[in-house]
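[1] A structural model of the following input is requested.
(chains A and B)
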Protein chains: 2
Amino acid sequence: MIRALFFDVFGTLVDWRTSVARESAATLRPLRHDLDWLAFAEAWRARYQPAMEAVRSGARPYVKLDVLHLENLEKILPEFGVSNLPASARVELTRRAWRKLDAWPDVVEGLRLLRQKVLIAPVSNGNISLMADLARHNGIVWDTILGAEIARDYKPSATVYDTACAAFDLPPQQCAMVAAHTGDLQAAAARGLKTVHVARPNENGQGKGEAAPSAPMNLAVRDLLELASVLPS
Amino acid sequence: MIRALFFDVFGTLVDWRTSVARESAATLRPLRHDLDWLAFAEAWRARYQPAMEAVRSGARPYVKLDVLHLENLEKILPEFGVSNLPASARVELTRRAWRKLDAWPDVVEGLRLLRQKVLIAPVSNGNISLMADLARHNGIVWDTILGAEIARDYKPSATVYDTACAAFDLPPQQCAMVAAHTGDLQAAAARGLKTVHVARPNENGQGKGEAAPSAPMNLAVRDLLELASVLPS
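    Residues are numbered from 1 along each chain as shown, chains lettered A, B, ... in the order given. Have a look, this model is predicted:
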């Protein structure tokens, strides 16, 4: 009996790669920069896990993902030959690139249907204000925003999943993590949550994404519409 | 320039008094209890501030308001001559009484209009799961749920207001607290937030509520529809 669904966001609900590329181009092209925008988005994203690891390991205190995204941008700009971007423009680019991410086509309707059955919340590494902006950008209605900022740590740390279940007063067996990433789901399963894998075969480019989980899951679905059709009320 | 509105909930958005009375009656009448239900609701609520004060003072660690509501119920039941209620029924009564609170008539439409202009979130002493249930009961859409559980302290402690602003990455001057209680608003003002008083003249019974603030506020309105009409986009 599932009473709450927790959603990974980057990659699972939103197509970060093409959205970050588009918004980066829209910001930097007028400043006469002409980059390989998809490669730029991928390089930015590639800094994501190492940056969070510093927090997870305890090497630095929790900071919001917005802060890590800005730091990561400042690391990759020289790699792409961009050396003259003022601080305010770097902040604005970070904000714009990561807050206008488009949802995959099934997501908005899928979440609307799922919310008729259970509580729904993002359990993302993104901070609250970022999640709120993404929800508005796409027209998503959450019951609330949970995740890294509530737990003050990053997935796959156990406390992020534990804190999410506790916020809804639910035992982990009544909660399911929904993600397109096997590692996220394995970490949730280790805390007692149920697991739902969503296929996002093109997350990192054509054919570069998890079309299927690489470990056993409670459920694997094609998209959120399929999940809405099979989830008991 | 206001970019987020934070809402007190009990009394400001929902009529706890008649709702708790109704739900208590619906739960206890079938068990052959016949109380003064409004007096019962008022007695339950009267234990609210002293219970939170134990957390605010540091005498006990943060516990969710659900826990305080249950403890307070257990204190007042003997006062009303109810001595035979099993533990499971006390938990169920607490849940039912405080999660089916009806919004005042202006609230749902007022919040819908306000959300077209700014970010909106409850900044209540109620815990996240309680706020999520109240939102569903009334059809309210929040950007997220903030408040006591995020700050792990109770209003009017400064950290509750500070934590809410920080969650939206906003300076306090761009946030307004909306409440029917002068004390809550004064505490918010002390942290730099703007203040909006909403008249709820009958919160504690006919003519027993704040029809007007008892200290200066940035704005005082009749209801949320008036606030929606005067708030700049």
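
[2] which one is residue A:190 nearest to, not counting chain neighbours?
    residue A:158 (7.1 Å; Cβ to Cβ, 6 or more residues apart in numbering or on different chains). In this view, the C-beta of every residue, glycine as well, is placed from N, C-alpha and C.

[3] Quick check: that neighbour vs residue A:58, distance?
    According to Cβ to Cβ, to the nearest Å, residue A:158 and residue A:58 sit 14 Å apart.

[4] Looking at these two, which has the bigger crowd around it?
    The neighbour comparison of residue A:158 against residue A:58 (other Cβ atoms under 10 Å in any protein chain shown) goes to residue A:158, with 14 against 8.

[5] wait, that one sits on residue A:187?
    Yes - if you go by Cβ atoms under 8 Å, residue A:158 and residue A:187 touch, sitting 7.1 Å apart.

[6] Show me what from chain A comes close to chain B.
    Within chain A, the positions near chain B by Cβ under 8 Å from any Cβ of the partner chain are A:64, A:66, A:119, A:127-129, A:131-132, A:135-136, A:141-145, A:149-150, A:167-169.

[7] In strands, which of these fall?
    residue A:119 (DSSP state E).

[8] Going by neighbour count, which of the residues of chain A next to chain B are buried?
    A:64, A:66, A:119, A:127-129, A:131-132, A:135, A:142-145, A:149-150, A:167-169 (16 or more other Cβ atoms under 10 Å in any protein chain shown).

[9] Can you name the residues that contact residue A:30?
    Counting by Cβ atoms under 8 Å, 6 or more residues apart in numbering or on different chains, residue A:30 makes contact with nothing.

[10] Next, report how far the helix or strand residue A:165 falls within is displaced from the centre of its chain.
    Per DSSP states H and E: residue A:165 is located in helix A:158-167. Centre-to-centre, helix A:158-167 and its host chain are 16 Å apart (Cα atoms, centre = their mean, to the nearest Å).

[11] ok, now stretch A:11-30?
    The chain centre lies 14 Å from the centre of stretch A:11-30; the measure is Cα atoms, centre = their mean.

[12] same question, stretch A:163-173
    Distance, centroid of stretch A:163-173 to centroid of chain: 20 Å (Cα atoms, centre = their mean).

[13] cool, and stretch A:93-108?
    For stretch A:93-108, the distance to the chain centre is 10 Å (Cα atoms, centre = their mean).

[14] again with stretch A:45-58
    With Cα atoms, centre = their mean, you get 14 Å for stretch A:45-58.

[15] Dump that stretch to CSV, restricted to CA.
    C-alpha atoms of stretch A:45-58 as CSV (Å, rounded to 0.1, in the frame of the first residue of the first chain):
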residue,chain,number,x,y,z
ARG,A,45,26.2,18.5,-15.3
ALA,A,46,29.4,16.4,-15.1
ARG,A,47,30.5,18.6,-12.1
TYR,A,48,27.3,17.8,-10.2
GLN,A,49,28.2,14.6,-8.4
PRO,A,50,31.8,15.6,-7.4
ALA,A,51,30.4,18.9,-6.0
MET,A,52,27.8,17.2,-3.9
GLU,A,53,30.3,14.6,-2.7
ALA,A,54,32.1,17.3,-0.8
VAL,A,55,28.9,17.8,1.3
ARG,A,56,28.0,14.2,1.6
SER,A,57,31.5,13.4,2.9
GLY,A,58,31.4,16.1,5.4
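
[16] and that stretch, what's its mean pLDDT?
    Per-region confidence: stretch A:45-58 scores 96 on mean pLDDT.

[17] What residues sit buried inside that stretch?
    For stretch A:45-58, the buried set under the neighbour-count rule, 16+ other Cβ under 10 Å, comprises A:45, A:47, A:48, A:51, A:52, A:55, A:56.

[18] which residue ranges form the strands in chain A?
    A:4-7, A:119-124, A:146-147, A:175-179, A:194-198, A:219-221.

[19] between the ones you listed, which gets nearest to residue B:154?
    strand A:146-147 (20.6 Å; Cβ to Cβ).

[20] which neighbours does that closest one have in its sheet, and in what orientation?
    strand A:119-124 (parallel) (DSSP bridges).

[21] Rounded mean pLDDT for the partner strand, please.
    Computed over strand A:119-124, the average pLDDT equals 98.
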